[in-house]
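K.L.:
Dropping the sequence and predicted coords here.
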Amino acid sequence: MEPAEIISHTGGVIGAGWLLIALPLLGAAVLLLGGRRTDKWGHFLGVALAVASFVVAVLAFVQLLGFAPGERRRGVALYEFIPGVANMGLLIDPLSISFALLITGVGSLIHIYSIGYMSHDTDRRRFFGYLNLFVAAMLLLVLADNYVALFIGWEGVGLASYLLIGFWQYKPSAATAAKKAFVVNRVGDFGLLIAIFIMFSTFGSVAFADVFPKAGGASAGTLTAIGLLLLLGACGKSAQLPLQSWLLDAMEGPTPVSALIHAATMVTAGVYLVVRSGAAFFPADSTASLVVTIVGVATLLAGAIIGTAKDDIKKALAGSTMSQIGYMMLAAGLGVAGYAFAIAHLITHGFFKANLFLGAGSVMHGMNDEVDMRKYGGLRSLMPITFVTFLIGYLAIIGFPLLSGYFTKDGIIETAMEHSAILGWLAVIGAGITGFYMSRLVFMTFFGERRWAADAHPHESPSVMTWPLIVLSIGSIGLGGYLILSNRLMVFLGPAVGQPEELPAFHFFSPVGLATLALVALGAAYAWLKYGRAEVPAVAPRGSFLTTFARRDLYGDALNEALFMRPGQWLTRLAVFFDNRGIDGVVNGLAAGIGGTSGRLRRIQTGYVRSYALSIFIGAAVLAGAWFVVGTL
Amino acid sequence: MTTHYLVLSALLFAIGGIGVLVRRNAIVVFMCVELMLNACNLAFVTFARQHGNIEGQVIAFFVMIVAAAEVVVGLAIIVTIFRTRRSASVDDASLLKY
């Protein structure tokens, strides 16, 4: 089934959909411009506006459900943005409202959690200002009805991400990480921009409503070019290979930021972009969609491998985020059969990964901001709520039967398997590695001996932090089954992204599912042997070269340095040399030549009247002689 | 007939020119300048006479007036320099240079 037509809409909550973006934007403006005056109540305003935005999203969702499925793509015109080129408007359809609910819902929970987590930080107000700015930009990204407005949101989330990674900018590592994220994202943004340029020159418009119907008329080469450039943009934002290197460093930001931006929402913007543009630019079996699946599989394996070797709890989770987004990319590259699974996994991942990150934050909060898992251990009895919610998130992510991740990841693996056995089995192996590294994380943190630092006094976090964890863990339990069983999400998203003619049936314990479970169990058992039962050394052992390989992020940074940084430095050195010697040489040489000549010429000014008189005479004689010669000719 | 006057004018002019170039005493240099001016006057008058018109004579008068004004200013400068430096040599007044 093809996506439905976009129907222009006025009135109701959907007509006032701009409130979704305006409310958090207002919060950001008040908090960032209000200065210290808003210190006392700023965080409450931030939370209130995020929750208000969530309420608007829910009301819009309810109104959207009131329409027949084929009429659920509502375009809301706002104003002429660039006359004749881009009209600013919102597209509220099942896909964008799903994102809006996830962003504002999980976003609100993380806002609430941050009240507790950031309570000791003197800059808490600024933090909430940035968080609100992020929510506004992210909502603009997913609600925009054209690529230019989407790009503005895209850059807005990049800015918010930069500001929040570098929130503790007095730490050099945080400042560097922020800069790195910004620079790497520029590479992806470059791809997205060029894709928009090509769209505009080919179709004469950047609005979804104009571009998608016309896409069939463009040449295959143009469509592939647009698809690959969009994918480059998606890779940058979603930390997919080869633009993955920024995400691990992005963990320098406060933990709620890692949960909201670098796990649950922003990094999924690439998946949104691919799914949104999917029907037009990533048709099944096209080159572009093939590259999407390859990128997805490569990243899901790379992220999982990185996750196995990290001792920093947040970096291990960041590797896991990369890996899970790899699954989503893989599904998004499978065409119309995969979109619903990609979005379902995206939503459930938003819940359980936010759950895990906030749990990790809760652990850090109780452990004096220690992130090294080798200095954790045996925390389960001291942090019961954190432990139980973390355990639920953990079981969800490894795909424990009947929890969220089981349904959504299994859907992706089954669909990939139908598409190509290689992709499917690689995804299964990725799931096995997930089982290992997540179990390792849980065993090192909550089980085993207490390897704490001398001054650590672990304690359960305040209820303002544990309640969001409980809500998120409920989502981690039930959401996946709700979305996948009887294809609820697929049917709901159908009008927006299309759906296959034949809806897939979910088989509990299919052969592939059992194989996945077996591998996951194997991974978990191996983790138990290595990190649960055996003693965890306080200093990481050197390990084999494979361990070093994973610990060094698969040499991604080294590769970037060798391929881009060094040649770039050579190029700048060459340019500096050319500037100093070439351009400056000409300019300085000219100046020196004129200076030297005039220095010699001024010696003629002797001050003696008679020499001046002589020069006048000679001049007069020369003129007279010349006149004489010319006169006789 | 006019040739003699013109030769005389050229001779006077040459004497004046050489005087300006070789003499150091400012008064003498000054007198040589006057000599050159008057050599010109002689040439003007000669040509006026030869062509039978009045312009050359008129210009000779102009030259005399200018020369008179020049003498006033020039002598004043020379006297001032002499008062401060006790010298009328043009080579002594060579401060204004590179």
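P.N.:
Noted; the coordinates are in hand.

K.L.:
Which single residue of the stretch 401-550 of chain A approaches chain B most closely?
P.N.:
Residue nearest to chain B within the stretch 401-550 of chain A: A:Thr548 (73.2 Å; Cβ to the nearest Cβ). All C-beta spots, glycine's among them, are computed from the backbone N, C-alpha and C.

K.L.:
and that residue, what does it touch?
P.N.:
A:Thr548 makes contacts with A:Arg542, as judged by Cβ atoms under 8 Å, 6 or more residues apart in numbering or on different chains.

K.L.:
Check A:Glu252 too.
P.N.:
A:Ile165, A:Gly166, A:Trp168, A:Lys171, A:Ser173, A:Ala174, A:Ala177, A:Ala178.

K.L.:
Kindly report the same for A:Phe357.
P.N.:
A:Thr255, A:Pro256, A:Ser258, A:Ala259, A:Ala263, A:Ala264, A:Lys314, A:Leu317 are the contacts of A:Phe357 under Cβ under 8 Å, 6+ apart.

K.L.:
so it, which of the three states?
P.N.:
Secondary structure state of A:Phe357, per DSSP: H, G, I helix; E, B strand; the rest coil, is helix.

K.L.:
ok, the nearest residue to it once chain neighbours are set aside - how many residues close by?
P.N.:
Distances taken as Cβ to Cβ, 6 or more residues apart in numbering or on different chains put A:Ala259 closest to A:Phe357, at 3.5 Å, once the chain neighbours are dropped. Using other Cβ atoms under 10 Å in any protein chain shown, A:Ala259 is surrounded by 33 other residues.

K.L.:
from the contacts of A:Phe357, which ones fall inside strands?
P.N.:
Residues of the contacts of A:Phe357 located in strands (DSSP state E): none.

K.L.:
now these in TSV, with pLDDT?
P.N.:
Converted to TSV, those look like this (pLDDT from 0 to 100):
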residue	pLDDT
A:Thr255	87
A:Pro256	87
A:Ser258	86
A:Ala259	85
A:Ala263	80
A:Ala264	82
A:Lys314	88
A:Leu317	89
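
K.L.:
Can you tell me which of the residues you listed is closest to A:Ser114?
P.N.:
Comparing the contacts of A:Phe357 against A:Ser114 with Cβ to Cβ places A:Pro256 closest, at 4.4 Å.

K.L.:
State the distance from the residue nearest to the closest one when sequence neighbours are not counted to chain B.
P.N.:
In space, and not counting its chain neighbours, A:Pro256 is closest to A:Ser114: 4.4 Å by Cβ to Cβ, 6+ apart. Note on A:Ser114: its distance to chain B, by Cβ to the nearest Cβ, to the nearest Å, is 76 Å.

K.L.:
The strand or helix carrying A:Ser114 - contacts with which helices or strands?
P.N.:
When elements are assigned from DSSP states H and E, A:Ser114 belongs to helix A:94-117. With contacts defined as 3 or more Cβ pairs under 8 Å, 6 or more residues apart in numbering or on different chains; DSSP states H and E, the packing partners of helix A:94-117 are helix A:42-65, helix A:124-143, helix A:255-259, helix A:269-276, helix A:336-366, helix A:463-484, helix A:488-497.

K.L.:
by contact count, what packs against whichever helix or strand comes after the longest one?
P.N.:
Taking DSSP H and E as the definition, the helix or strand that follows helix A:336-366 towards the C-terminus is helix A:384-398. Helices and strands in packing contact with helix A:384-398 are listed as helix A:336-366, helix A:404-419, helix A:421-446, helix A:463-484, helix A:511-527; criterion 3+ Cβ pairs under 8 Å, 6+ apart.

K.L.:
Dump those helices to CSV, plus mean pLDDT and distance to A:Phe44.
P.N.:
Formatted as CSV, these follow (pLDDT from 0 to 100; distance: least, Cβ to Cβ, whole Å):
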stretch, mean pLDDT, distance to A:Phe44
helix A:336-366, 88, 19
helix A:404-419, 87, 31
helix A:421-446, 89, 32
helix A:463-484, 86, 11
helix A:511-527, 87, 42
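
K.L.:
And the furthest pair within the contacts of A:Phe357?
P.N.:
Across these (Cβ to Cβ), the longest gap, 14.1 Å, separates A:Ala264 and A:Lys314.

K.L.:
Those two: which is more packed in?
P.N.:
Remark: of A:Ala264 and A:Lys314, A:Ala264 carries more neighbours, 30 against 24, as counted by other Cβ under 10 Å.

K.L.:
and A:Phe509, that one's in a helix?
P.N.:
No. Counting by three-state DSSP, A:Phe509 is not part of a helix but coil.
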